[in-house]
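S.K.: no sequence on this one, just coordinates:
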């Protein structure tokens, strides 16, 4: 098969990452060119990504909720074009880095064997991290931790996919490791029987250290290693070339800076009987204690899942090895000041999940971890059985990300950069309300949702043309006032993902019907989370409609790059003084509303702001003015 990897495309505007929101396909699905396979969220919008090739989905390389950097592979697809059947990259790289036609590594000297004689003739052998046969020539190959590149010097053993005694074939995945950048599955470069697992789950291993021994021949078991230094296996097996070979880690090299984060698979074959020792066992093989092979749990012995969880929690709580968690979870815990060693894991294989950290933030998980470490009986108890709720459990913490994060930063920058002034005007909008009802009955508007907001939008556009200086921005870098030729009218829309302000480009050129169509599309797209970044850039003036919530008015904060924002309040029936043609005054119930205009006082003075606001109100009091202005 031939594996194609689709990488996260560059969304532009300086964005460097996106969150995987929802996969539209699963492993085994057939896809065609331009089929939408995933929905991602950038800091600006929610986007559906089509795949550029056809085939069968082999692997989803990022989990829903993961933050993925631009250029990182996110899905692997078999395009059925033939080629090597070896996985192209379990960790997301497009190449194993092997010369599949020669059986030698891509970076090995000409003629140098990448493995021992037992595998040198295998044409499918990829580049390997093998240290070669052991010094005694017993037919045992040691696979060393490959170099992940990017200056990383170590990785953590997350989960073994095999146990002692298992038979493995070339390119079988034997272990899952976690570097500081990503989670990667490592395939074995030779076939045979697992002789020993040389590192424990949860253990930090240096690059070049042997992590698994595989018996490739029929020789008897090798003598125990003489020392506990894991790098010694690599030194002894440097081979006849006179130097130690360390291959590149699978999952690196195809895309620079790739930080694909994939969901850790569940307990695969042999996972519940993995040969990693329980917490507290020796981590190094001293002379006379059996070395690498004997410091693991004896062959054939099985450990119940509860034992593994208890060992992980107890060891973590007592300040032992690094707890197991995905990089995003580690970052989330670090950002919130949570020590992962105090968190009780509920994920498969003792992995700490984001929910575990959130529970710790609520105040209950730390106590739950102490209980699990102290009493084996607590292993079977769910996380919900933690001690009585503390005051912290009455709080809910939500990570700030995506649109909400960008909006918050923009609001702070605007509020503390532009000197805001807000003016208010209250007026009779009854004539506009009558016009709304007439337009609803007009056949030209039969497919348009006619609302007062549509006429407010038209009034703002006309008033901006009468007062063009307000359709501008302050350029701090060049110490200039930039006046826009087009009125790109922004409409603030509240969505579940946060506040979004898409805009209608060139609104001054549009008829009321066109403006109504664009306004309806803009709002529905924003609320559906489908607004594209281009639709939210380039705005020149904005309307925020707080009236839909029954709010009379507000003091809105300017959108970045704009000089003014209009707040449209609720329309209510109120007693109003009405003056007839003869100057007689009566009090009548009328439709009344309030507008508030916030503007940047650096470039909009009180005179300009007041004239603009008065013009908008005048148009809404008497829509007929639009014909003469």
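M.R.: Perfect, I can see it now. These figures come from a predicted structure and were not determined experimentally.

S.K.: Spell out which residues make up each domain of the chain.
M.R.: The record's domain parsing of the chain by automatic domain parsing lists 1-83, 125-301, 305-394, 402-627.

S.K.: now these in CSV, with mean neighbour count?
M.R.: C-beta: built from backbone N, CA, C; applies to glycine. Below are the domains of the chain laid out as CSV (neighbours: other Cβ atoms under 10 Å):
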stretch, mean neighbour count
domain 1-83, 18
domain 125-301, 20
domain 305-394, 18
domain 402-627, 17
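
S.K.: Mean pLDDT added to these, as CSV?
M.R.: Compiled in CSV, the domains of the chain are given as follows (pLDDT from 0 to 100):
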stretch, mean pLDDT
domain 1-83, 87
domain 125-301, 60
domain 305-394, 61
domain 402-627, 94
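
S.K.: tell me what the longest strand along the chain is packed against?
M.R.: Looking across the chain with DSSP state E, the single longest strand is strand 585-600. In terms of contacts (3 or more Cβ pairs under 8 Å, 6 or more residues apart in numbering; DSSP states H and E), strand 585-600 is packed against strand 420-428, helix 430-441, strand 564-568, strand 572-579, helix 606-621.

S.K.: residues contacting the closest residue to residue 568 other than its chain neighbours?
M.R.: Take residue 568 and drop its neighbours on the chain: the residue closest to it by Cβ to Cβ, 6 or more residues apart in numbering is residue 545, 4.7 Å away. For residue 545, the contact set (Cβ atoms under 8 Å, 6 or more residues apart in numbering) comprises 453, 456, 491, 492, 568.

S.K.: Select from the residues you listed every entry located in helices.
M.R.: 453, 456 (DSSP state H).

S.K.: and the contacts of residue 545, which two are the farthest apart?
M.R.: Farthest pair in those (Cβ to Cβ) is 456 and 492. Separation: 12.7 Å.

S.K.: Which residues are in contact with each of the two?
M.R.: With Cβ under 8 Å, 6+ apart, residue 456 and residue 492 have common neighbours 543, 545.

S.K.: ok, of the contacts of residue 545, which one's closest to residue 177?
M.R.: The closest of the contacts of residue 545, once distances to residue 177 are taken by Cβ to Cβ, is residue 492, at 46.5 Å.

S.K.: State the three-state secondary structure for the closest residue to the closest one other than its chain neighbours.
M.R.: Distances taken as Cβ to Cβ, 6+ apart put residue 544 closest to residue 492, at 3.9 Å, once the chain neighbours are dropped. Residue 544 falls in the strand class when you classify it by DSSP: H, G, I helix; E, B strand; the rest coil.

S.K.: Identify the bridge partners of residue 544.
M.R.: Per DSSP bridges, the residues bridged to residue 544 are residue 567.

S.K.: same thing with residue 3?
M.R.: If you apply DSSP bridges, the partners that residue 3 bridges to are residue 78.

S.K.: from memory it sits against residue 75, does it?
M.R.: No. In this structure, residue 3 is not within contact of residue 75 by Cβ atoms under 8 Å, at 10.4 Å.

S.K.: Got phi/psi on residue 17?
M.R.: Main-chain torsions, residue 17, degrees, to the nearest 10: phi -160, psi 170.

S.K.: Also the one 10 residues further on?
M.R.: The phi and psi values for residue 27, taken as degrees, to the nearest 10, are phi -60, psi 130.

S.K.: Please verify my assumption that it contacts residue 76.
M.R.: No. Using Cβ under 8 Å, residue 27 makes no contact with residue 76, being 9.2 Å away.

S.K.: hey, what's in contact with both of those two?
M.R.: Both residue 27 and residue 76 are contacted by 57, 58, 59, under the criterion Cβ under 8 Å, 6+ apart.

S.K.: Filter these down to the ones in strands?
M.R.: Among these, the ones falling in strands (DSSP E) are 57, 58, 59.

S.K.: for those, which one is nearest residue 463?
M.R.: Nearest member of these to residue 463, counting by Cβ to Cβ, is residue 57, at 53.6 Å.

S.K.: Enumerate every residue touching the closest one.
M.R.: Contacts of residue 57 (Cβ under 8 Å, 6+ apart): 25, 26, 27, 28, 29, 30, 31, 37, 75, 76, 77.

S.K.: cutoff 6 Å now
M.R.: Going by Cβ atoms under 6 Å, 6 or more residues apart in numbering, residue 57 touches 25, 27, 29, 77.

S.K.: got the contact list for stretch 30-44?
M.R.: Defining contact as Cβ under 6 Å, 6+ apart, one finds that stretch 30-44 is touched by 11, 15, 18-25, 47-51, 54, 56, 75, 402, 406, 533, 536.

S.K.: Ends of that stretch, what's the gap?
M.R.: End-to-end distance for stretch 30-44: 30 Å, by Cα to Cα, to the nearest Å.

S.K.: Let me have the shared contacts of residue 27 and residue 76 in JSON lines, extended by distance to residue 353.
M.R.: Converted to JSON lines, the shared contacts of residue 27 and residue 76 look like this (distance: Cβ to Cβ, whole Å):
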{"residue": "57", "distance to residue 353": "25"}
{"residue": "58", "distance to residue 353": "25"}
{"residue": "59", "distance to residue 353": "21"}
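
S.K.: Return the closest of those residues with respect to residue 346.
M.R.: residue 59 (24.9 Å).

S.K.: My guess is that closest one contacts residue 77. True?
M.R.: No. Between residue 59 and residue 77 there is no contact under Cβ atoms under 6 Å: 8.8 Å.

S.K.: Now for residue 563: which residues touch it?
M.R.: Contacts of residue 563 (Cβ under 6 Å, 6+ apart): 470, 472, 473, 599, 600, 603, 604.

S.K.: The stretch 51-200 of the chain: helices as residue ranges?
M.R.: For the stretch 51-200 of the chain, the helices defined by DSSP state H, counting those that start in this stretch occupy 117-120.

S.K.: before we move on, back to that, which among the ones in strands among the shared contacts of residue 27 and residue 76 gets closest to residue 593?
M.R.: Closest to residue 593, out of all of these and judged by Cβ to Cβ, is residue 57, at 53.7 Å.

S.K.: Please name the nearest non-neighbouring residue to that closest one.
M.R.: Residue 57 sits nearest to residue 29 (Cβ to Cβ, 6+ apart), 4.8 Å away.

S.K.: Distance-wise, check the one you found relative to residue 358.
M.R.: Residue 29 is 32 Å from residue 358, where distance means Cβ to Cβ, to the nearest Å.

S.K.: got it, and residue 466?
M.R.: Distance from residue 466 to residue 358, by Cβ to Cβ: 53 Å.

S.K.: Skipping its backbone neighbours, what lies nearest residue 564 in space?
M.R.: Leaving aside its chain neighbours, residue 564 sits nearest to residue 599 (4.4 Å; criterion: Cβ to Cβ, 6+ apart).

S.K.: so what's residue 70 up against?
M.R.: When contacts are counted by Cβ under 6 Å, 6+ apart, residue 70 is found next to 8, 10, 16.

S.K.: Pull the contacting residues for the closest residue to residue 532 other than its chain neighbours.
M.R.: Counting by Cβ to Cβ, 6+ apart, residue 45 is the residue found nearest to residue 532 once chain neighbours are left out, at 5.5 Å. The contact partners of residue 45, taken as Cβ under 6 Å, 6+ apart, are 531, 532, 533.

S.K.: Kindly report the same for residue 557.
M.R.: So residue 557 contacts 411, 414, 415 (Cβ under 6 Å, 6+ apart).

S.K.: run the last query once more with 8 Å
M.R.: Applying Cβ under 8 Å, 6+ apart, the residues contacting residue 557 are 411, 414, 415, 420, 565, 598.
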